[in-house]
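Asks: coords please:
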Amino acid sequence: MFGRNAKSEIDSLIGIAARIEGDLSFSGGLRIDGEVHGNVIAAEGADSVLIVSEHARIEGEVRCANLVVNGFIAGSVHSTELLELQPKGRIHGDVHYKLLEMHGGALVTGKLTHQPAGEPVFHLAVAEASGA
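Replies: Numbering: from 1, shown residues only. Next up is the predicted model:
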């Protein structure tokens, strides 16, 4: 997945019995099996991976590069690379994504917004040179 092997993908784990009150910042890979009542935000510019297992519950905003959801998220979601919604995945909030993979049974209650990749640099340079 994402050019990394499965064992090195996850750097941190929030266990099924854990409950976090407050915002959570991370870099690298994070798997959540428990509850987070706060925003879950990956470090900017990092190749982050967040896995929300079927037992997990997040109440807050989620921002990361690569996101796999098989649990519940109540809040807006921003995935700058790939968002994978697995069969038991539930998102109640607006979703912003670059690439989306949605399995049968997954549910989104909110607005889906595709965030296309930025304009190529050479295209902008040509447009500026021509006075556009």
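Asks: where does this protein have its least confident helix or strand?
Replies: Least confident helix or strand of the chain, by mean pLDDT, DSSP states H and E, is helix 121-129 with a mean of 46.
Asks: now the helices: where do they sit in the protein?
Replies: Taking DSSP state H, the helices of the chain run over residues 6-9, 121-129.
Asks: What number of residues are in the vicinity of the nearest residue to residue 12 once chain neighbours are set aside?
Replies: With sequence-adjacent residues excluded and distances taken as CB to CB, 6 or more residues apart in numbering, residue 12 is closest to residue 30, at 4.8 Å. In this view, the C-beta of every residue, glycine as well, is placed from N, C-alpha and C. Close neighbours of residue 30, defined as other CB atoms under 10 Å, add up to 22.
Asks: One more: residue 12?
Replies: 12.
Asks: From residue 99, how far off is the residue most central in space within the chain?
Replies: Centroid-nearest residue in the chain, with CA atoms, centre = their mean: residue 67, separated by 3.4 Å. Applying CB to CB, to the nearest Å, one obtains 11 Å for the distance of residue 67 from residue 99.
Asks: Find residues that contact each of these two.
Replies: Listed contacts common to residue 67 and residue 99 are 82-83; contacts here mean CB atoms under 8 Å, 6 or more residues apart in numbering.
Asks: give me the beta-bridge partners of residue 59?
Replies: residue 37, residue 74 (DSSP bridges).
Asks: Tell me the confidence at it?
Replies: On the pLDDT scale, residue 59 is placed at 98.
Asks: Could you do the one 10 residues further on as well?
Replies: The pLDDT attached to residue 69 in the predicted structure is 98.
Asks: residues in contact with residue 31?
Replies: Per CB under 8 Å, 6+ apart, neighbours of residue 31: 10, 12-14, 50-51, 53.
Asks: out of everything not next to it in sequence, what's closest to it?
Replies: Leaving aside its sequence neighbours, residue 31 sits nearest to residue 51 (CB to CB, 6+ apart; 4.4 Å).
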